[in-house]
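**Student:** What follows is a predicted protein model with its sequence.
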Amino acid sequence: MEAKEKIKKYKNQSIHYFNNAVNYIDSGDIEKASEFLWGSMAQALKAVAGSRDIWLRSHYQIKNYALELARALHDDSVRHTFDYAQSLHSNFYESGLLLEDVVRAAEDVKKTVRQLLALIPD
């Protein structure tokens, strides 16, 4: 698969996962919503990295890239939202967050994913 196709795939998956998260929030399945919010954030980061010819293949690489990108952009919201999304990932396995927590996280993830995807040149 060519680089542009991979980037488009990551971007589309990010949007698709976010929409799935909203559907699961609406149905009350916050564990599934949590996992999709994490996936949306991770795919958005992979899309941005790919647009810069950086290919992330592990959770560790995604985390490090989120930290590097936050520093480069001078925007801690990227790091904070990544950390929040990471806690959502854990919520899928160790449920414990409230619906309100996941709804608030969804708002942060939506804002940050939009910001990230806007960094990708057309």
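**Tutor:** Yep, that arrived.

**Student:** Please make it C-alpha for all contacts and neighbour counts, starting now.
**Tutor:** Will do.

**Student:** The helix or strand hosting Lys32 - contacts with which helices or strands?
**Tutor:** Taking DSSP states H and E as the definition, Lys32 sits inside helix 30-51. Counting by 3 or more C-alpha pairs under 8 Å, 6 or more residues apart in numbering; DSSP states H and E, the packing neighbours recorded for helix 30-51 are helix 3-27, helix 59-73, helix 76-93, helix 99-117.

**Student:** Could you pull up the mean pLDDT of the third one?
**Tutor:** Read that as helix 76-93. Regarding helix 76-93, the rounded mean pLDDT is 83.

**Student:** what do you get for the longest one?
**Tutor:** Per-residue pLDDT values across helix 3-27 average out to 97.

**Student:** Stretch 109-122 too?
**Tutor:** The average pLDDT within stretch 109-122 is 96.

**Student:** So which bits of that stretch are buried?
**Tutor:** Residues of stretch 109-122 classed as buried: 109-110, 112-113, 116-117, 120 (neighbour count, 16 or more other C-alpha atoms under 10 Å).

**Student:** Turn the residues you listed into TSV, including distance to Asn23.
**Tutor:** Below are the buried residues of stretch 109-122 laid out as TSV (distance: C-alpha to C-alpha, whole Å):
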residue	distance to Asn23
Val109	15
Lys110	14
Thr112	19
Val113	17
Leu116	22
Leu117	21
Ile120	26
